[in-house]
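> fold the following for me, if possible:
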Amino acid sequence: MLKLHFEHWPRLSKSLTIPKTSLYNNLEVSAKRYPNHPAIYYYGQEMTYNELKNEVDALAGFLQQKLGVQQGENVLLLIQNSPQFIIGYYAILRANAVVVPINPMLKTNELEFYIKDCEIKNAIIGQELYDNVNPLFETTSLTNLVIAAYSDYIDDLKQELPINVKLLRKMYTHANHYLWMDCVESDYAPHAHTQNPDDLIVLPYTSGTTGLPKGCMHTNRTVQANTFGALYWTRGTASNVHLATLPFYHVTGMVHSMHMPLLSGSTIVIMTRWNRETALKLIESRNCTNWVAISTMVVDFLENSNLDSKKLSSLISISGGGAALPEAVGEQLYQLTGLKFIEGYGLSETIAQTHTNPSDRPKMQCLGIPSFDVDSRIINPLTNKELGVGEVGEIIVSGPQVMIGYYNRKDENENAFIKLEGKRFFRTGDIGRFDEEGYFFIVDRLKRMINASGYKVWPSEVESYLYKHPAVQQACVVGIPDVKRGEDVKAFIILNEAYEGKITEEEMIEWSNRNLAAYKYPRHIEFRKTLPTTSSGKILWRRLQEDEWKKSRTIE
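Have a look, this model is predicted:
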């Protein structure tokens, strides 16, 4: 096990004993400790820990007794950041079921895959997403919907709010459609909470080498490892106030902006949609102490002309991951706030962090050091030989937060792990190195993945949708540099002869936008007569991508 990083370990124990209680128990304990303390602040409305637990329990009872949710059943959670996301998530856990949190930006044809993969019967959704979900009653096992309107938790709808938050509650006539408020106001009591440490509780999805999304199987034990690890690393208390801007369906926002604050009894200030002006107002008015963000949010936030160090004086920590924060931006942030951006590294397979920078000794554009009980190494990806200081190879990790495997993916599981010195390591697919002090750095990606504003885009998935257009003969998707998003999605397309001159690149972009999530569709399309290929006819995607990056450097 690499021990170089212990030289700069914070004044904390190097190991954690993971509790054998469930994630729901964290909320239960906080509600007993801080019953009248605000758990949630949502656009002017507060909810105490006692109120939060009562609604969680009520919804859990409805799921079990009215909808028939069984122990271990997969339940879809398709909601934007809101009180309902937190209540829905913990209600599913309270019902001894499994949360399947899915990106609310996905369209109908994308959602169909997840519902079929998990054999979903019951779903909790935001009402603005209804049109994307309704057609799936005909093609999947979907049976019941609990439909939430975010406006139900806001008193003053005259204030400046995201449009989806302002939408008033709609009525539905379908027999298997249930309005959120009717569910939480029902009189159904939940059955006993019986989840064990090794019971499956959440399936966050990620893309893999096949291009098909894969559910990462996480138990109470794996999630608790990072929830408690995050709390102790940040020295959190019930007095902390967390600004929640990262999506809760993604593991970073899920653990650091939801699970960890609820464990500590802190207050979560929720934003449904990112807006730098609103973020600034909330930090100042709610005295926010902690903000976990991605670099693109920080870049956008610092462009706000109304920034004033006095307005940000309550902040004690700004941290994040997903992509390295440019050094110049980090310096600008430090000059404004006196805070250094604390970067970390993790994956859906590890339910967020495996590496984090020590708060009192961070390094810029650095993953940090392995966290509690994590053994991380660099290996040659071809020979599996372990490498040393400064040598570049694949990052592998072993730790208590590593998933137990991919859901329904036996072949993928065999390739995802290796044994080293008798220990099971997860192969991250990321290429990196560590320095003489044990700090890890990303060098490249072994996987062909595009990182657009912190969202992972799998090119082969985008290509598969492009091929559904009758005009497309061949398609190759690559990541190209973008000032604000870090990377953007570009597609090179060879048209079928019948469509040459009859369709424009702009029309193809618009078609893609209608069929793919906003972060995923190609915003740049270039028609080509030919594409570079190997002797066997395989498209040389890397050459196309390298040409785009070279072109960008030339322009600069």
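> show me the shaky parts of the chain.
Applying pLDDT under 70 to the chain flags the ranges 1, 207-211, 444-447, 534-538, 553-556.
> longest helix in it, by number of residues?
Ranked by residue count and defined by DSSP state H, the top helix of the chain is helix 49-65.
> got the buried residues for that helix?
Buried residues in helix 49-65, counted by 16 or more other CB atoms under 10 Å: 49-53, 55-65. Placement of C-beta: from N, CA and C, glycine included.
> and the residues you listed, which is closest to F301?
L52 (28.2 Å; CB to CB).
> tell me the contacts of the closest residue to the closest one other than its chain neighbours?
Leaving aside its sequence neighbours, L52 sits nearest to A39 (CB to CB, 6 or more residues apart in numbering; 4.5 Å). If you count contacts by CB atoms under 8 Å, 6 or more residues apart in numbering, A39 has them with S30, M47, T48, Y49, E51, L52, L262, G265, T267, I268.
> so what's the residue count around A471?
18 (other CB atoms under 10 Å).
> typed the wrong thing, it's H193
Around H193 there are 15 other residues, counting by other CB under 10 Å.
> hang on, it packs against Y24?
Yes: H193 is within contact range of Y24, at 6.0 Å (criterion: CB atoms under 8 Å).
> who touches both of these two?
Contacts common to H193 and Y24, judged by CB under 8 Å, 6+ apart, are R94.
> tell me the contacts of the spatially closest residue to Q65 that is not a sequence neighbour?
Take Q65 and drop its neighbours on the chain: the residue closest to it by CB to CB, 6+ apart is Y188, 4.3 Å away. Neighbouring residues of Y188 by CB under 8 Å, 6+ apart: A58, G61, F62, Q64, Q65, K66.
> now swap in G321 and tell me
Contacts for G321 (CB under 8 Å, 6+ apart) come out as T252, I294, E343, G344, Y345, G346, Q353.
> ok, R448 next?
Contact partners of R448, counting by CB under 8 Å, 6+ apart, are W458, P459, S460, W541.
> list only those of the residues you listed flagged as buried.
W458, P459, W541.
> just those residues: which are in helices?
Using DSSP H, these in helices are P459, W541.
> still on that earlier bit, ok, the contacts of G321 vs V402, which is closest?
Distance from V402 was checked for each of the contacts of G321 by CB to CB. The minimum falls on G346, at 10.2 Å.
> thought that closest one was touching T252?
Yes: the pair formed by G346 and T252 meets the contact definition of CB under 8 Å, at 7.2 Å.
> what touches both of the two?
Common contacts of G346 and T252 (CB under 8 Å, 6+ apart): G321, A352.
> partners of the residue nearest to F425 when sequence neighbours are not counted in the sheet?
Sequence neighbours aside, I396 is the residue nearest to F425 in space, at 4.1 Å (criterion: CB to CB, 6+ apart). I396 has these beta-bridge partners by DSSP bridges: R377, R427.
> now swap in K419 and tell me
Judged by DSSP bridges, the bridge partners of K419 are R424.
> show me the contacts for the closest residue to L516 other than its chain neighbours.
Spatial nearest neighbour of L516, chain neighbours left out: Y465 (5.9 Å); criterion: CB to CB, 6+ apart. Contacts for Y465 (CB under 8 Å, 6+ apart) come out as N109, S512, N515, L516.
> which of those residues ranks first by neighbour count?
The member of the contacts of Y465 surrounded by the most neighbours (other CB under 10 Å) is L516, with 22 neighbours in all.
> for the residue most central in space within the chain, give its distance to A244.
Geometric centre of the chain, nearest residue: H250, 1.6 Å, by CA atoms, centre = their mean. Look at H250 and A244: by CB to CB, to the nearest Å, they are 12 Å apart.
> again, but for Y345
Counting by CB to CB, the separation of Y345 from A244 is 21 Å.
> okay, buried residues for stretch 273-280 please.
For stretch 273-280, burial by neighbour count (16+ other CB under 10 Å) applies to W274, N275, R276, T278, A279, L280.
> please apply the same query to stretch 335-345.
Buried positions in stretch 335-345, judged by neighbour count with 16+ other CB under 10 Å: T337, L339, K340, F341, I342, E343, G344, Y345.
> as JSON lines, those residues with distance to Q474 and secondary structure would be great.
Output for the buried residues of stretch 335-345, formatted as JSON lines (distance: CB to CB, whole Å; DSSP: H, G, I helix; E, B strand; the rest coil):
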{"residue": "T337", "distance to Q474": "49", "secondary structure": "helix"}
{"residue": "L339", "distance to Q474": "48", "secondary structure": "coil"}
{"residue": "K340", "distance to Q474": "47", "secondary structure": "coil"}
{"residue": "F341", "distance to Q474": "42", "secondary structure": "coil"}
{"residue": "I342", "distance to Q474": "44", "secondary structure": "strand"}
{"residue": "E343", "distance to Q474": "38", "secondary structure": "strand"}
{"residue": "G344", "distance to Q474": "39", "secondary structure": "strand"}
{"residue": "Y345", "distance to Q474": "35", "secondary structure": "strand"}
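> out of the residues you listed, flag the one nearest to V223.
G344 (16.4 Å).
> who's the residue nearest to the closest one when sequence neighbours are not counted bridged to?
Distances taken as CB to CB, 6+ apart put T356 closest to G344, at 4.1 Å, once the chain neighbours are dropped. Bridge pairing for T356 (DSSP bridges) gives the partners G344, I369.
> relative to T17, how far out is T356?
Using CB to CB, T356 is found at 19 Å from T17.
> so those two - more neighbours on which side?
The neighbour comparison of T356 against T17 (other CB under 10 Å) goes to T356, with 27 against 8.
> OK, contacts around the more buried one?
By CB under 8 Å, 6+ apart, T356 lies in contact with W233, I342, E343, G344, Y345, G368, I369, S371.
> chain neighbours aside, what residue packs nearest to the third one?
If you skip the residues right next to it in sequence, E343 has N357 as its closest partner in space, 5.5 Å away by CB to CB, 6+ apart.
> with R221 instead?
For R221, the spatially nearest residue (CB to CB, 6+ apart) is P197, at 4.5 Å.
> over to Y499?
Closest residue to Y499 apart from its sequence neighbours, by CB to CB, 6+ apart: A471 at 3.7 Å.
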